[in-house]
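In: test case, fold it:
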Amino acid sequence: MSNQEKSSKRGRPTVSNSARQARLAAREARVAAGGSVQRGRPASEGSARQAKLAVKAAKIASGETIKRGRPTSVTPKAPKVPKVSKMPAVPKALRPKKVVAEVLDEVEAIQA
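Out: A predicted model of the protein is given here:
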């Protein structure tokens with residue numbers, strides 16, 4: 001492979017007098033004059049989110065460290081205790097049936 005630069009222009013050609021090119025030129029002129037681009041939805045100044053962001057910016061400016069995520073609890077949590085079942089787990093199919101046990105008692109009484 002050779003490291004030669006291609007001199008041909010690639011991509012779709014631009015139309016210099018199109019509405020898009022006029023918008024882009026006006027935007028570049030605004031930025032060059034020291035203006036702002038102002039893209040997206042404008043922020044509501046009186047919202048609770050803007051108040052939270054202002055508090056966070058003030059903390060950062062004062063030099064506080066900002067931690068991400070949910071704050072940790074001050075009180076220690078109780079350790080989780082595993083549940084203790086009263087009987088060991090036996091599949092239902094293997095459990096003795098009450099009706100069969102009563103029949104066996106009757107058979108034993110007859111044989112005795």
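
In: mind listing residues that contact stretch 41-49?
Out: residue 50 (C-beta atoms under 8 Å, 6 or more residues apart in numbering). Where you see a C-beta, it was placed from the backbone N, CA and C, and this is true even at glycine.

In: quick one: average confidence on that stretch?
Out: For stretch 41-49, mean pLDDT is 89.

In: just stretch 90-97 next, same as before
Out: 74.

In: repeat that for stretch 103-112.
Out: 79.

In: report the contact partners of the most centrally placed residue in the chain.
Out: In the chain, the centroid-proximal residue (C-alpha atoms, centre = their mean) is residue 69; its distance is 11.1 Å. Residues near residue 69 by C-beta under 8 Å, 6+ apart: none.

In: and it, helix, strand or coil?
Out: Recorded secondary structure, residue 69: coil (DSSP: H, G, I helix; E, B strand; the rest coil).

In: roughly how far apart are residue 60 and residue 51?
Out: 15 Å (C-beta to C-beta, to the nearest Å).

In: cool, and residue 74?
Out: Counting by C-beta to C-beta, the gap from residue 74 to residue 51 is 25 Å.

In: so which of those two has more stuff around it?
Out: Using other C-beta atoms under 10 Å as the criterion, residue 74 and residue 51 rank with residue 51 on top: 11 against 5.
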